[in-house]
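> just need the structure, nothing else, for what follows:
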Amino acid sequence: MGINYIVKKLIASLLTLFAITFVNFAIFRLAPGDPVRMMFRDPRISIETIEKMRVEYGLDKPMVGQYFSYMKNLCKGDLGISFWQKKPVEEVIAERIPRTLLLIGTSLIIAVILGTLLGAIAGWKGGSKTDSAIMSISMTLYSVPSFAFGILLMLAFAYHLAIFPLGGIETPASGYHGFRKAMDVAHHMVLPAFSIVLWYIGQYIIITRSSMKEVLSQPYIMTARSKGVREKKILTRHALRNAFLPLITITGVNIAFMTGGIIEAETVFSWPGLGRLFYDAVMKRDYPLLQGCFLVFSVAVIVLNFVVDIIYGKVDPRVKIGGKAADA
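Sure thing, here's the model as predicted:
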């Protein structure tokens, strides 16, 4: 039954999350560097002061004891206190999430629209010069990392042409409010968003083209053509609707796995979101903050994969849920 399928997926997701908590705890403690020493770079700091800080942050306990303390606090919704910012981790992360969601949402919407449109054209014009040109561009874009796009865009449009700001989220001490502030944020967001779009658009073009070519080879498309249905109608009412199905999966996965691109883009352009926070926490060896960021990213991956599995089973009748075909 469909409920059994959902329950199994939910249990698998919870088990995955439990395994991630262990990895989340251990991986950052295996990295070189002493977080207490990072807080006190002055060589004149006494050993007694350093040891006192270790006790305060629970770093004097064995690793097993630290892990159980971490899990106990996590079950209570307590992610700890940031070594670096001296504030609760959940408070620090909550300040950054809206900025990252704004950047991710804008970038993904643009990438999906442009990538789907160009991919559909390439699939529809399969084998033509248009198809070859679009695919050459998409493969080039897909093979270049987002941070490289970011650096190139910064050099061209921020440094040489000075059309856009070098970084940040708003003009310091501008005093903007309301609409002017929104436009200022949008102006700062153009380059980081575009660097992400350029990388993801190649993926959407490739997937949409492949899906479109597969759909166009189906018998019902040939039947529609034999009945004299106009090509435009075949494209919009038959081919595109079915070619969109794989995009549901890849979009959900991309939202979750945009972590790498977000960290790169936010770091290059000093965008104060979760990606930049994660980078700064690595540099500071801030264990609680690193664990909190990693947990947020991990939960996003698990939840979105779970949601995508359920949605895909509902929208595509060919997908079976629990042994029975899903309702279309």
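> show me where the stretch 201-328 of the chain has strands.
320-321, 324-325 (DSSP state E, counting those that start in this stretch).
> what is the mean pLDDT for the longest helix along the chain?
As far as residue count goes, and with DSSP state H defining each element, the longest helix of the chain is helix 178-216. Averaging the model's pLDDT scores along helix 178-216 yields 88.
> equivalent analysis for stretch 119-129, please.
For stretch 119-129, the mean pLDDT works out to 85.
> now do stretch 5-15
Stretch 5-15 shows an average pLDDT of 84 in the prediction.
> could we number from 37 for the rest of this?
With the count now opening at 37, the last piece we talked about shows up as stretch 41-51.
> tell me how far stretch 335-343 lies from the chain's centre.
11 Å (C-alpha atoms, centre = their mean, to the nearest Å).
> buried residues in it?
Of the residues in stretch 335-343, those scored as buried under the neighbour-count criterion (16 or more other C-beta atoms under 10 Å) are 336-338, 340-342. Every C-beta, even on glycine, is put in place using the N, C-alpha and C of the backbone.
> of the residues you listed, which is the nearest to Leu283?
The nearest member of the buried residues of stretch 335-343 to Leu283, counting by C-beta to C-beta, is Leu340 at 14.2 Å.
> measure that closest one to Leu310 for me?
When distances are taken as C-beta to C-beta, to the nearest Å, Leu340 and Leu310 turn out to be 15 Å apart.
> same check, this time on Ala48
Shown here: Ala48 relative to Leu310, a distance of 26 Å by C-beta to C-beta.
> so between the two, which is more surrounded?
For Ala48 versus Leu310, the count of surrounding residues by other C-beta atoms under 10 Å is larger for Leu310: 28 against 14.
> so that one sits against Ala130, correct?
No - in terms of C-beta atoms under 8 Å, Leu310 does not count as a neighbour of Ala130; the distance is 10.3 Å.
> pLDDT weak spots in this structure?
Low-confidence regions of the chain, defined here as pLDDT under 70, cover residues 37-38, 67-80, 272-274, 277-279, 281, 285, 288-289, 291-296, 348-364.
> repeat that with 50
Low-confidence segments of the chain, defined by pLDDT under 50, span residues 37, 357-364.
> the closest residue to Ile146 other than its chain neighbours and Ile241: what is the separation?
With C-beta to C-beta, 6 or more residues apart in numbering as the measure, Val233 is the residue that lies nearest to Ile146, at 4.9 Å, once sequence neighbours are left out. Using C-beta to C-beta, one gets 12 Å for the distance from Val233 to Ile241.
> of these two, who's got more company?
In terms of neighbours (other C-beta under 10 Å), Ile241 is the more surrounded of Val233 and Ile241; the figures are 28 against 25.
> confirm for me that that one is in contact with Gly159.
No - at 9.5 Å, Ile241 does not count as touching Gly159 under the criterion of C-beta under 8 Å.
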